[in-house]
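Enquirer: Any chance you could fold what I've pasted below:
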Amino acid sequence: MGKRLLVPVDGSAPSRDALTAAATEFDSSSIVIFHSLDPFTTPSASDEGVMDREYMAEREEAARDLLEEHRELIDEYDVSVETRIAHGSPSRAILGAIDDLQIDHVVIGSRGRTGAGRVLLGSVAETVAKRAPVSVTIIR
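Expert: As a prediction, the model looks like this:
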């Protein structure tokens, strides 16, 4: 029996590549396509943007659309697919999902930031790889 894979997606090309790799390169019985909504990441710095329910509902809808788009990306492959949305910082949400969803392996895309960008912004893929209790494959 194959593994249960978690593939975090954010709409970037590396996350799409990670999903395709998970569907084609790994012996998996199921893939969980995962997206994290960080309620403190907003296009404006106002407190109103963070707490506005309508804004968060719009983000939830956009997340569902993103997950459906990614599900369609791998429809042609013979693999069971689930989608999940979590709330919180991406790295923490991914790490929490590993236990909650009984994940055996994480396949995650990386934008490959280097230098100051990596220091200032951090790397979700790097944090997950360092802290995950399961194997992590990073796709660039």
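Enquirer: CA atoms only: put the lengthiest strand in the chain into PDB for me.
Expert: Criterion DSSP state E: the longest strand present in the chain is strand 28-37. This file holds the C-alpha atoms of strand 28-37, laid out as PDB (Å, rounded to 0.1, in the frame of the first residue of the first chain):
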ATOM      1  CA  SER A  28       1.000   7.000  -2.900                       C
ATOM      2  CA  SER A  29      -2.400   5.700  -1.900                       C
ATOM      3  CA  SER A  30      -3.800   9.200  -1.400                       C
ATOM      4  CA  ILE A  31      -2.700  12.800  -1.700                       C
ATOM      5  CA  VAL A  32      -4.000  15.600   0.500                       C
ATOM      6  CA  ILE A  33      -3.800  19.000  -1.200                       C
ATOM      7  CA  PHE A  34      -3.400  21.500   1.600                       C
ATOM      8  CA  HIS A  35      -3.600  25.200   1.800                       C
ATOM      9  CA  SER A  36      -3.100  27.400   4.900                       C
ATOM     10  CA  LEU A  37      -4.800  30.800   5.400                       C
END
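Enquirer: Packing partners of it?
Expert: strand 3-8, helix 13-25, helix 53-73, strand 80-87, helix 90-100 (3 or more C-beta pairs under 8 Å, 6 or more residues apart in numbering; DSSP states H and E). Every residue, glycine included, has its C-beta placed from N, CA and C.
Enquirer: in that strand, what's buried?
Expert: Across strand 28-37, burial judged by 16 or more other C-beta atoms under 10 Å covers Ser28, Ser30, Ile31, Val32, Ile33, Phe34, His35, Ser36, Leu37.
Enquirer: List the buried residues of the helix or strand harbouring Val107.
Expert: Using DSSP states H and E, Val107 maps to strand 105-109. Along strand 105-109, these residues count as buried under the neighbour rule (16+ other C-beta under 10 Å): His105, Val106, Val107, Ile108, Gly109.
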